[in-house]
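Visitor: Next one to model:
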Amino acid sequence: MAVVFEISGDYAMFRKFYTTTSSVSYPFPPPSAVGGMICAIIGETNNSENAAHLADYWNVLYGNRIAISVLSQTKWYTASVNFWNFKDPKKAIHNIIKHQFVKNPRYRIYVEGPLEERLLPFLETGSFVFTPYLGTAYAFANITYIGSFESIPVDDGTISVRSIIPLECKPKIDFVKTGGVFKDIVPFQMDAERTLEKSITVFYPSDFSKGTYVENPKEIGAVRVGDDTIVFLPRWEEEPS
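Guide: Alright, predicted model coming up:
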């Protein structure tokens, strides 16, 4: 089974790790951000009262896997955000940083694993322990429960996959039908010390309404969840010490 819910908002900003002065966003929440959203919903704490950098909630994510679909075509807008300069206020009271935002984003998240049972009551009632947000604390997320569905393997011919696809599953993409594909590196997994443990490379289409057409759905592990054909990302697994 897989628990499915949608996340939307007025804007989102999922900062790419290699940006510095100007903050550039991914068009979708990377897996590490989705993990944080899931734990916010069910109320897993990061224990930051003991140390500000802690992210202990990662300990409950191991053994679960997710898929991420983009339901709205990406619209970008850029704005300057005015921050207080606490490091050197005598030099300048404010730091003005350009941010790239996703406008009116809408995503669908699929969760499969031990956390399904814990997620269900919160999603069904629309009541969450911590406020989920879309990348930054000032981008509040609206969450809508879609349902719980079986994951049915797909072995058809060329088929449209609605989720982002990990490179490691080696998809055979029909570029003519898809019309254009992007490839990007996204943060996949952190540890309880908030250190990046793993990144993955993913494919996603230039036109999200069409999805990515692949010729080998069975080989890449494509499944039908409800009305959507998706590919799950790898399971979050605890790295050996």
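Visitor: Look up how far residue 129 lies from residue 48.
Guide: As for residue 48, its distance to residue 129 is 15 Å (criterion: C-beta to C-beta, to the nearest Å). Yep, even glycine has a C-beta here, placed from its N, CA and C like the rest.
Visitor: residues contacting residue 71?
Guide: Under the criterion of C-beta atoms under 8 Å, 6 or more residues apart in numbering, the neighbours of residue 71 are 6, 106-108, 208.
Visitor: Would you map the helices across the protein?
Guide: 31-42, 116-125, 175-178 (DSSP state H).
Visitor: which residues touch residue 32?
Guide: 186-190, 196.
Visitor: most centrally placed residue in this structure?
Guide: Centroid check for the chain by C-alpha atoms, centre = their mean gives residue 29 as the closest residue, at 3.1 Å.
Visitor: so what pLDDT did the closest residue to that residue other than its chain neighbours get?
Guide: Of all residues not flanking residue 29 in the chain, residue 14 sits nearest, at 5.4 Å (C-beta to C-beta, 6 or more residues apart in numbering). Residue 14 is assigned a pLDDT of 95 by the prediction.
Visitor: So residue 178 is in contact with residue 208, correct?
Guide: No - using C-beta atoms under 8 Å, residue 178 is not in contact with residue 208; the gap is 10.9 Å.
Visitor: What count of nearby residues applies to the residue nearest to residue 29?
Guide: Per other C-beta atoms under 10 Å, the neighbour tally for residue 14 reads 25.
Visitor: try the one 4 residues further on
Guide: Residue 18 is flanked by 7 other residues according to other C-beta under 10 Å.
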